[in-house]
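[1] need a 3D model of the following:
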Amino acid sequence: MGHLFGSPPERSTTMDIVRNADGTLLVPVVPQRRHESDDQADSAPPGADGGTESGEPGTRLLHPGEGGFDEALAEWDSQQNPDRAAALSTPGGRQEAMTLVHAVAISPDHAVGPAVEALEDPEASGEALRHVLVGGVHSVEDFAVEVAASEGGEVLPAHEATKIIGEVLAELD
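    Model prediction:
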């Protein structure tokens, strides 16, 4: 994954990712190490690297579509049930997941609850969606193309597909 402003901050393992009601994720970050010879070290305000002067972890708010969001959402999902085995996608689960994502996308109010209640196999659909997230941005983009080919309509932008997947997984858990 490429980053516009250098390498990404390291993720901290001491704090959990928090998923907000609006779909954003509050992600813990560990500040990058700075060397005294860095020209910018003197001009940067304390905490500009996501942490505090003492090197304690800080946080970053990620929005759907923002770099690192898909990976953080997959990590948040695994935090919800750390004993869960790796996600496996079955053909039936994937098809039902495509139908579900399409139904939520075309719903006037993006109603997730009724779409999830209509699932024949919620577990298989959830596993298929987890499998998509684990694959990262390209996997989500490919899934969105599959949804459009299978269900009709326009291809969802990856950030919209990711947001719907996150809402569905939150509903399923």
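
[2] buried sites along stretch 111-122?
    Within stretch 111-122, the residues that qualify as buried by neighbour count (16 or more other C-beta atoms under 10 Å) are 112, 115-116, 119, 122. To be clear about C-beta, it is placed using only N, CA and C from the backbone, and glycine gets the same treatment.

[3] closest one of these to residue 166?
    Closest approach to residue 166 among these (C-beta to C-beta): residue 112, at 9.8 Å.

[4] right, and the closest one touches residue 104 too?
    Yes - the pair residue 112 and residue 104 passes the contact test of C-beta atoms under 8 Å, sitting 5.6 Å apart.

[5] which residue is the nearest non-sequential neighbour of residue 20?
    With C-beta to C-beta, 6 or more residues apart in numbering as the measure, residue 26 is the residue that lies nearest to residue 20, at 6.6 Å, once sequence neighbours are left out.

[6] spatially central residue in this structure, please.
    residue 73 (2.6 Å; C-alpha atoms, centre = their mean).

[7] give me the below-cutoff pLDDT ranges for this protein.
    Per-residue confidence of the chain (counting by pLDDT under 70) places the weak regions at 1-14, 32-57, 85-88.

[8] now do the helices in it.
    39-43, 69-80, 91-106, 112-117, 122-134, 137-151, 158-172 (DSSP state H).

[9] can you put the ones you listed in CSV and add distance to residue 16?
    CSV is the format used below for these (distance: least, C-beta to C-beta, whole Å):
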stretch, distance to residue 16
helix 39-43, 30
helix 69-80, 5
helix 91-106, 25
helix 112-117, 22
helix 122-134, 17
helix 137-151, 22
helix 158-172, 14
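
[10] you'd agree the residue nearest to the centre of the chain is up against residue 164?
    No - Residue 73 is not in contact with residue 164 according to C-beta under 8 Å; the separation is 11.2 Å.
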